[in-house]
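[1] Prediction below, plus the sequence it came from.
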Amino acid sequence: MPTLRVELMEGRTPEQKKELARALTEAVVKTLGSKPESVDILMYDIKRHDWATGGVLWTERTS
């Protein structure tokens, strides 16, 4: 049973997450030969102040 963990900057709509889940499931089925009902996807919304890139919090980024 493949389990995918997806961490996203908060703010995505339920519709976007639904489409992402569909696309990821399709990719796992095609690539690994899994059955769709065996693919689990865990989505985690991360607040901008809890995410940093290059040592800079996303709440402090200017571009």
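    Now that the structure is in, tell me what you want to look at. Quick caveat: nothing in here was measured; it's all calculated off a predicted structure. Numbers count the residues shown, from 1 in each chain.
[2] all helices for the protein, in order.
    14-32 (DSSP state H).
[3] The most centrally placed residue in the chain and residue 20, how far apart?
    In the chain, the C-alpha nearest the mean C-alpha coordinate belongs to residue 6, at 3.0 Å (Cα atoms, centre = their mean). To residue 20, residue 6 is 7 Å away according to Cβ to Cβ, to the nearest Å. C-betas here are computed from N, CA, C, even on glycine.
[4] Spit out the residues that contact these two alike.
    41, 43 (Cβ atoms under 8 Å, 6 or more residues apart in numbering).
[5] picking up where we left off before, got a list of what the residue nearest to the centre of the chain touches?
    20, 24, 41, 42, 43, 44.
[6] for residue 58, same thing?
    Residue 58 neighbours (Cβ under 8 Å, 6+ apart): 9, 48, 49, 51, 52.
[7] Which pLDDT value goes with it?
    Looking at residue 58, its pLDDT is 95.
[8] Tell me who's in contact with residue 45.
    8, 9, 10, 11, 12.
[9] Got a quick ChimeraX command for the buried subset of the contacts of residue 6?
    Entered in ChimeraX, the line below selects the buried ones among the contacts of residue 6, by 16 or more other Cβ atoms under 10 Å:
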select :20,24,41
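[10] re earlier: which of the contacts of residue 58 tops the neighbour count?
    Using other Cβ atoms under 10 Å as the neighbour criterion, residue 51 leads the contacts of residue 58 with 16 neighbours.
[11] rewinding a little: in strands, which of the contacts of residue 58 appear?
    Assigned to strands by DSSP state E, the following of the contacts of residue 58 qualify: 9, 52.
[12] need the contacts of residue 58 in TSV with distance to residue 31, can you?
    Output for those, formatted as TSV (distance: Cβ to Cβ, whole Å):
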residue	distance to residue 31
9	26
48	32
49	35
51	28
52	31
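[13] just to revisit the earlier point, between the contacts of residue 45, which is closest to residue 28?
    Residue 28 lies nearest to residue 8 out of the contacts of residue 45, by Cβ to Cβ, at 17.9 Å.
[14] residues in contact with the closest one?
    Counted by Cβ under 8 Å, 6+ apart, residue 8 has contacts 17, 43, 44, 45, 46.
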